[in-house]
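Colleague: Predicted model and sequence below, questions to follow.
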Amino acid sequence: MFERYTEKARRTIFFARYEASQFGSPCIETEYLLLGLLREDKALANRFLRSHTAVESIRKQIEAHTVTREKVPTSMDLPLSHECRRVLAYAAEESERLNHQHIGTDHLLLALLRAEECFAAQLLREQGLTLNSVRDEVQQSEAVAQHGNAYFVRLDQWLAEREARGGIWTVKLKGVKNRTTQFAIYAGDRPKETEAKENEAKENEKGQEMAPAEKLAHIQRRIDFIVGRMEHAIANHEFEKARFYSDEERKERENLRALCEQFNLEAPPPRVPLLCLEVIRDERFCEVQKRCDDYIAEGVAQVWLLAPEFKRAYTVTKTEGLREFKGGILQIANPPLEMDLRKIFE
């Protein structure tokens, strides 16, 4: 049954069985599969849950939800529940959907989210995970792996050169409206740590002199900076840094919530990218269209889609929808942004 499973996926099943035995369960339920997944693939857990606190919260909720019985001896075989078998069938389908020969931990995570009624899916949704967002990120990561040697290197170079001139900054694999875009491009200059610290020190000196609205803006700037650093750490698999920034974000969001309650203020809406930029491969265009529609609905001004294999580009805007771009240079007027497609597709 598990011939196509990677070593990590097999060990996930092993740990799921162990978790079930510790709770005295007569079978392996989806919540134990989730615990096994979080135990075995910590990189995956950090990538999507972003903090150790979230992982601990899931375990505590499972403990509170479960009636603990006498532990089952580890020598005793435990069957998969009907729901858990359905999850494994979904994992195989997710693997085939991505044209993979193996079934890995990312497929198991997608499968748990597909089983919408199960307890594990409920816990994941409470942490902000959705099937679409996780599926997008897995697909985007796959695209990076397959196409990164050429096109993504050129895109990185183009973005670095354009950022150096000022006026924009970029976050890779950024969540937008429960989706994940490969490159989210923001107007303005990237917040710098030294500037953030200097501004914080100046504003701390003012102390109580700061008006509530000014304090609110200051906290939001801190959150924007912290989230940017956290996402940069996640993209570079620097999970210790990511956990640190995740804790810092949680503290600042609590400060924001308390300030809003104290002075009856409304929290500012999340910052929306000016542009989402993606390399597309063999996805169905209807799926690409849905993802782009979500970006535009969230307030993104434009989406640029590059199809290097066919040397084609597409743009998506609110007024014109998705259309093929026939020119040679993609442009945005404010801030001025130009991409010479010949240099990307060469």
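Modeller: Perfect, I can see it now.
Colleague: okay, CA-based contacts and neighbour counts for the rest of this
Modeller: Noted.
Colleague: if I look at Arg165, how far off is Val134?
Modeller: Distance, Arg165 to Val134, by Cα to Cα, to the nearest Å: 33 Å.
Colleague: More neighbours: which of the two?
Modeller: Val134 (21 against 9; other Cα atoms under 10 Å).
Colleague: number of nearby residues for the residue lying closest to Glu116 once chain neighbours are set aside?
Modeller: Nearest residue to Glu116, sequence neighbours excluded (Cα to Cα, 6 or more residues apart in numbering): Gln122, at 7.1 Å. Using other Cα under 10 Å, Gln122 has 16 other residues around it.
Colleague: Report the secondary structure state of Gln122.
Modeller: Secondary structure, DSSP: H, G, I helix; E, B strand; the rest coil: Gln122 is helix.
Colleague: which SSE is Trp158 in?
Modeller: helix 153-164 (DSSP states H and E).
Colleague: same thing with Gln331?
Modeller: Gln331 belongs to strand 329-332 when elements are defined using DSSP H and E.
Colleague: Give the next helix or strand downstream of that strand.
Modeller: Helices and strands here follow DSSP H and E; after strand 329-332, the next one along the chain is strand 337-340.
Colleague: strands paired with that following strand, and their directions?
Modeller: Strand pairing for strand 337-340, using DSSP bridges, gives strand 329-332 (antiparallel).
Colleague: Would you mind extracting the C-alpha trace of the strand it pairs with into PDB?
Modeller: The C-alpha coordinates for strand 329-332 follow below in PDB (Å, rounded to 0.1, in the frame of the first residue of the first chain):
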ATOM      1  CA  ILE A 329       7.700  45.200 -22.500                       C
ATOM      2  CA  LEU A 330       5.300  44.800 -19.600                       C
ATOM      3  CA  GLN A 331       4.700  48.100 -17.800                       C
ATOM      4  CA  ILE A 332       3.100  49.800 -14.800                       C
END
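Colleague: re the thing from before, quick one: pLDDT of the residue nearest to Glu116?
Modeller: On pLDDT, Gln122 comes in at 95.
Colleague: What residues sit buried inside the strand holding Gln331?
Modeller: Leu330 (16 or more other Cα atoms under 10 Å).
Colleague: Distance from it to the middle of the chain?
Modeller: Distance of strand 329-332 from the chain centroid (Cα atoms, centre = their mean, to the nearest Å) equals 27 Å.
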